[in-house]
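Student: give me a 3D structure for the following:
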Amino acid sequence: MSSVSVKLEDQTDELLKRLKDKSDIDKAGMMNAIAEGLRTSTLERFRTEESPDGKKWKRSIRAEKSGGKTLTKTKQLGTSIHAQSDSTGLAVGTNVIYAATHQFGDERTIRAKRGKNLKFQIGDRWISKPQVSVKIPAREFLGISEQDDMDIQEMLKELFEE
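Tutor: This is a model prediction of the structure:
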């Protein structure tokens, strides 16, 4: 699973520490509820094309050219998002190998494998080069938004009030 660490707001972190000390609470159920909430908000990011901090993703060339949304052509990445939890913690992520490239961005050099040069078309012009560098921008989809953090705090506060 692609891994991203997040820092929770101090208040949320404190509430989670209090949860560990409570013996009469269904911790596994609470962690599952939080994990599923985070999974749902992660899936929503594919619809809104925004990172957890609310920043719009840079549109892909394919989305600009043929319409549609960025990171959703085959839907493989979005449908691979899953949540795991138990009484001690939770994780939301994906096992898709290229997920980290989209989460963090990357720079790649593509070299000709057959023949001396790569041949590709840009507009009406054909280009021939031995190698090309490509910068893939970060399009963060994993993480905890401010709204996620507030939702987690609300769930935990309700649990302590019961």
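Student: show me where the chain has its strands.
Tutor: Along the chain, counting by DSSP state E, strands occupy 82-86, 89-93, 106-111, 118-122, 125-129, 131-136.
Student: deepest-packed of these, please.
Tutor: Among those, strand 89-93 has the highest mean neighbour count (mean count of other Cβ atoms under 10 Å), at a mean of 18. Bear in mind the C-beta positions are built from the backbone N, C-alpha and C, glycine included.
Student: tell me the contacts of Ser41?
Tutor: For Ser41, the contact set (Cβ atoms under 8 Å, 6 or more residues apart in numbering) comprises 145, 147-148.
Student: list only buried entries from the residues you listed.
Tutor: Those of those that meet the buried threshold are 145, 148, by 16 or more other Cβ atoms under 10 Å.
Student: want to throw the contacts of Ser41 into a markdown table with pLDDT and distance to Ala83?
Tutor: Below are those laid out as a markdown table (pLDDT from 0 to 100; distance: Cβ to Cβ, whole Å):
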| residue | pLDDT | distance to Ala83 |
| --- | --- | --- |
| Ser145 | 95 | 16 |
| Gln147 | 95 | 17 |
| Asp148 | 95 | 13 |
